[in-house]
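Asker: one predicted model, sequence on top.
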Amino acid sequence: MQIQSSAFAQHAEIPSKYTCEGDNVSPPLAFSGVPQGTRTLALIVDDPDAPDPAAPRMTYVHWVLFNLSAATTTLAEGVKELPIGTGEGVNDWKRTGYGGPCPPIGRHRYFHKLYALDIELELSRPTKAELEAAMEGHVLAKAELVGTYQKKKN
């Protein structure tokens, strides 16, 4: 299974457009190779380098989606209407939806993690931890796309 973006390559810089210094919209994402038996997909975008990559103290959660149809192959740039049935979890801004990179110091890594699940989840606005707990034992495959970002202005 793969997750890719036409906006940036694996381990490359995320364009400012998708950050707090730009339009703060989600990047375009494409999914492929979803395994047989997948009922739903889940997506978690997080930053394990917060607040400072030299001394990380937490993983900051930027986006939490679940119950995407297994037939989903793309999420458009700045997606406003998610595929029918998709649930949204709460990010570390205490809201649903995408929040782009906005690192306070240094170059951070942003992990876009796609999970193929063998179930549909019964959740309402979960945190990342709640989603991960619900997914346990149900992950058929996982794919990762990592982008980096460092603020241009302070």
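Answerer: Cool, the structure landed.
Asker: which elements pack onto whatever helix or strand Ala42 lives in?
Answerer: For Ala42, the element it lies in under DSSP states H and E is strand 40-50. Contacts defined by 3 or more CB pairs under 8 Å, 6 or more residues apart in numbering; DSSP states H and E place strand 40-50 against strand 58-69, strand 108-117, helix 128-135. Where you see a C-beta, it was placed from the backbone N, CA and C, and this is true even at glycine.
Asker: buried ones in that strand?
Answerer: 40-47, 49-50 (16 or more other CB atoms under 10 Å).
Asker: now do the spatially most central residue of the chain against His112, distance only.
Answerer: Centrality entry for the chain: nearest residue to the mean C-alpha point is Val45, 2.5 Å, by CA atoms, centre = their mean. With distances taken as CB to CB, to the nearest Å, Val45 is found 5 Å from His112.
Asker: need the helices and strands packed on strand 40-50 in CSV (columns: mean neighbour count).
Answerer: Compiled in CSV, those are given as follows (neighbours: other CB atoms under 10 Å):
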stretch, mean neighbour count
strand 58-69, 21
strand 108-117, 22
helix 128-135, 17
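Asker: can you pull the contacts of the closest residue to Cys20 other than its chain neighbours?
Answerer: Closest residue in space to Cys20, ignoring its immediate chain neighbours: Cys102 at 3.5 Å, by CB to CB, 6 or more residues apart in numbering. For Cys102, the set of contacting residues under the criterion of CB atoms under 8 Å, 6 or more residues apart in numbering consists of 19-21, 151.
Asker: can you check the pLDDT for the closest residue to Pro56 other than its chain neighbours?
Answerer: In space, and not counting its chain neighbours, Pro56 is closest to Asp49: 4.9 Å by CB to CB, 6+ apart. Per-residue confidence for Asp49 comes out at a pLDDT of 98.
Asker: thinking again about what came up before, possible to save the helices and strands packed on strand 40-50 as JSON lines with distance to Ile84?
Answerer: Output for those, formatted as JSON lines (distance: least, CB to CB, whole Å):
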{"stretch": "strand 58-69", "distance to Ile84": "8"}
{"stretch": "strand 108-117", "distance to Ile84": "17"}
{"stretch": "helix 128-135", "distance to Ile84": "19"}
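Asker: out of these, which is closest to Lys80?
Answerer: With distances scored as CB to CB, the stretch of the helices and strands packed on strand 40-50 nearest to Lys80 is strand 58-69 (13.4 Å).
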